[in-house]
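> the following block contains a protein sequence and its predicted model.
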Amino acid sequence: MTVMPRPRLFLLDSFNLIFRAFHARQRTGAPPMRTSRGSSTEAIYIFYSMLRRLRKQFDPPFLAAVFESEGPTFRDEAFPAYKATRTETPPELLEQIPMIEQMLAALRVPVLKAPGFEADDVIGAMARRAAAEGFEPWIVSSDKDMLQLVTDEVFMLDPMKQDTLYNPAKVREFKGVPPERIADLLALVGDTADNIPGAPGIGDKGAVALLEQFGSLEALLDRAAEVSRKSYRESLQNHREQIELSKRLATIDCSVPLDATPASLEVREPDAETLTALFREWEFFSFLKELGLGAAAEPQSSESEPEPEPSTFVVYDWKSHLRAGAVPPDQPVEDVLLYAFLVLADPGACALDSLMARYLEQPAEPERALPLLAARLRPQVQGDLRRVYDEIDLPLAPVLARMEQAGIRIETAQLARLSERMDSEIGRLTDEIFALAGQPFNINSPQQLGKILFEDLGLPAQGRTGKTKSYSTAADVLEALSAHHPIAAKVLEYRQLSKLKGTYVDALPQLISPEDHRLHTTFHPAGAATGRLSSSNPNLQNIPIRTELGREIRAAFVPEPGWTLIVADYSQIELRLLAHFSGDPVLVEAFRQNEDIHTRTAAEVFGVPPLMVTPEMRRNAKAVNFGIVYGQTAFGLASQLGVPRDVAERYIHGYFERYAGVRKWIDQTVEEVRQSGFTLTLHGRRRPIPDINARNPNARNFAERTAVNTPLQGTAADLIKIAMIAIDRDLREQKMQTRMLLQVHDELVLEAPPDEAAEAARLVKSRLESAARLKVPLLAETGAGPNWRDAK
């Protein structure tokens, strides 16, 4: 007998989706959306985009949008502090909720609410009733509390995690417990988002282990005396009432009385006339085009460029739309941000306001401006630039969105211990600086520090800065003063400690999401002129790699409990690219023979056999190798190595004598850039170098160094992007749980379950090393460990 499929019912956790998507988009730095009259429309736009995508992708025959009701709920009465810690909803978001409900009415999408209950309860009640009446309910939400509703007949779809679909097995895999134990888990660990207190001192890992051992929260509380770990046992015994209250607060009430029936939630045709009027009011012209009303609806513009086909979605920063769940990954898109970055290669010039000022004759709202900007930029993205867009930049966007959504766990206890030690060290340095100064003062004040250094201590001033003509106390000035007085080095150390403590050690715990207890950085594909990725909230690129403090901060980045962190990076990628671009036979041969390139350079420069190269020779040769890549002058090399300038000049001269092909390539590259005005990476990414023919020698010299370094740095950036796209595709095709988390400089950080770690490391290494065919082999190194520092 043929079993008829159950009709699917989508229940949208509306405010959760709006709130998450709104804030996810804001975190990316995308510009706010307003009409020409100044009305905020961002939340409406995001919610409609998400709804439109879900209907297009899944075509549910039944659908309802569930909202919170006004006024207190039974949870507020049971615990007045419930949700008291939540930040206030931004007014510009709140004012759009009635407009979203207007839009839903025009779309003829039923809205469900129940006085005295939360949306979670309404969804739970409707899902249970629908399953009993032969429907297949899909709860559309990013709220982990909803996982308790999942059964063999009820599913949860998370559009903020690339449409992850949860069944009971997926819930257990994600949270470590089955759906029916989610409320027990929340009762133990608490929920900072809802201010559910939980059991003090018991975290996710401990709670999962306790529930696995005792079976349920009730059994655990009754047998708390049997818990072996003293801190857990005392927490359970001393806070039983609080834990039981937490369970009541976390449990979704599925007995809410509802007037609507599942059958009444059938999808219907929208009220086109009302919807058209609303979209005109909100200036959603691209959506009006889908309704076949674009020409009549959009005001005439002086711009006459052709616009994309209606099936193509024109966006600014596709990645932010993907992270907000507003656009499906397979939707044909044109990304104005990526177009602009390929054309201009200037992060500052790619802001939407800057692009509108540059390319449009009249100011316009983003909804109207984006197609016009795409039409202006599209013709300039041709040939190699088009291939970079199609094969690297655009496919990378969903990869980065997935990485941002995944986030990474932070061991806050490690950072707390480090913060205490740094406090002590900063206090010691403060006392020493005051003793050397002969008086206390504000070390953080450049003006007070300048007076101490140059007036009270009489140290040689290095010039004055700004309109106030105060003494310069910049890092390079203090470094120069270190030879004259020990206070300068102490201040430098104080500044470094204070900056690391404020920027990372104390700040990272504040950036952890209360929803999943992970840190979600934002990657910027148009953040650096070389094409390298940058990041913010936090800026991971600035965590020191070679200092002990930097390593200790990295030790706080950890994988999912029981999993392993995998770290992979290219070995000497820019020197290998220098060999490829220059074709220098000595350099190429050294890499082909897998020689130690720094030892080989030392042997060439100092004229000794490799076996006679001393550690000091190798150190000097390493500085010369990387100095050549970054266009370092003899003065800079001399300062770095602590040798006279003429000795540094001799090293550089010796290098170019032995690697004549490198000298030839540098000269040829600079000359080509003088003629064309831009430099190119291996794949054809361009960077304009406007000062290459400048009269000012400092500006011209910097431009020449940039012209040489950009092909190396830019190509290295493109290679790791190509590898990331392939790694992401392999992981998804092979249905592996391993996921990429971070990309910092030439380094990739992933997390993997134990049974996948070896295969994941092999896959990553293979993809990095096969990202391009060069004259020399690409070499990647991988490591695994319990944290970022020790994954070597």
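On my side now, so go ahead.

> please name the residues that touch the closest residue to K775 other than its chain neighbours.
Excluding the flanking residues, the one nearest K775 by C-beta to C-beta, 6 or more residues apart in numbering is H580, at 4.7 Å. All C-beta spots, glycine's among them, are computed from the backbone N, C-alpha and C. When the contact criterion is C-beta atoms under 8 Å, 6 or more residues apart in numbering, the partners of H580 are V588, L682, L774, K775, V776.

> among those residues, which are in strands?
With strands identified by DSSP state E, none of the entries of the contacts of H580 belong to them.

> let me have those residues in CSV, extended by pLDDT.
Shown next, in CSV, are these (pLDDT from 0 to 100):
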residue, pLDDT
V588, 96
L682, 96
L774, 96
K775, 97
V776, 97
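
> tabulate those residues (a markdown table), appending neighbour count and distance to E747.
As requested, the contacts of H580 are exported to a markdown table (neighbours: other C-beta atoms under 10 Å; distance: C-beta to C-beta, whole Å):
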| residue | neighbour count | distance to E747 |
| --- | --- | --- |
| V588 | 18 | 25 |
| L682 | 18 | 20 |
| L774 | 17 | 20 |
| K775 | 16 | 24 |
| V776 | 20 | 20 |
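
> isn't there a helix covering R687?
No. The assignment for R687 (DSSP: H, G, I helix; E, B strand; the rest coil) gives strand, which keeps it out of a helix.

> in the sheet, who's paired with it?
T679 (DSSP bridges).

> got a list of what it touches?
A345, A529, T530, G531, F678, T679, L680, T706, T710, G714.

> mind doing that once more with 7 Å?
Taking C-beta atoms under 7 Å, 6 or more residues apart in numbering, we find R687 in contact with A345, A529, F678, T679, T710, G714.

> one more: A603?
Contacts here follow C-beta under 7 Å, 6+ apart; on that basis A603 touches P609, P610, V613.

> got JSON lines for those residues, with neighbour count and secondary structure too?
Compiled in JSON lines, these are given as follows (neighbours: other C-beta atoms under 10 Å; DSSP: H, G, I helix; E, B strand; the rest coil):
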{"residue": "P609", "neighbour count": "7", "secondary structure": "coil"}
{"residue": "P610", "neighbour count": "13", "secondary structure": "helix"}
{"residue": "V613", "neighbour count": "20", "secondary structure": "coil"}
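
> returning to what we had before: report the separation between the residue nearest to K775 and T276.
The gap separating H580 from T276 is 57 Å, by C-beta to C-beta, to the nearest Å.

> tell me which residue is most central in the protein.
Residue closest to the average C-alpha location in the chain (C-alpha atoms, centre = their mean): T522, at 2.7 Å.

> phi and psi next, for that one.
phi -110, psi 120 (degrees, to the nearest 10).

> what residues sit buried inside stretch 135-152?
Within stretch 135-152, the residues that count as buried by 16 or more other C-beta atoms under 10 Å are 135-151.

> what sits up against it?
Outside stretch 135-152, the residues that touch it by C-beta under 7 Å, 6+ apart are 6-13, 16-17, 20, 54, 62, 120, 123-124, 127, 130-131, 153-160, 166-168, 171, 175, 179, 182-183, 186, 250, 252, 262, 515.

> for ChimeraX, write the selection for the buried entries among the residues you listed.
For selection in ChimeraX, the members of the contacts of stretch 135-152 meeting the burial criterion (16+ other C-beta under 10 Å) are listed in this command:
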select :7,8,9,10,11,12,13,16,17,20,54,62,120,123,124,127,130,131,153,154,155,156,157,158,159,160,166,167,168,171,175,179,182,183,186,250,252,262,515
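
> return the subset of the contacts of stretch 135-152 lying in strands.
Checking those against DSSP E, those in strands are R8, L9, F10, L11, L12, D13, F62, F155, M156, L157, D158, Y166.

> residue contacts, the fifth one?
Under the criterion of C-beta under 7 Å, 6+ apart, the contact partners of L12 comprise A64, A65, V66, V140.

> if we go to 8 Å?
Applying C-beta under 8 Å, 6+ apart, we find L12 in contact with L51, L63, A64, A65, V66, V140, S141.

> fine by me, thanks again.
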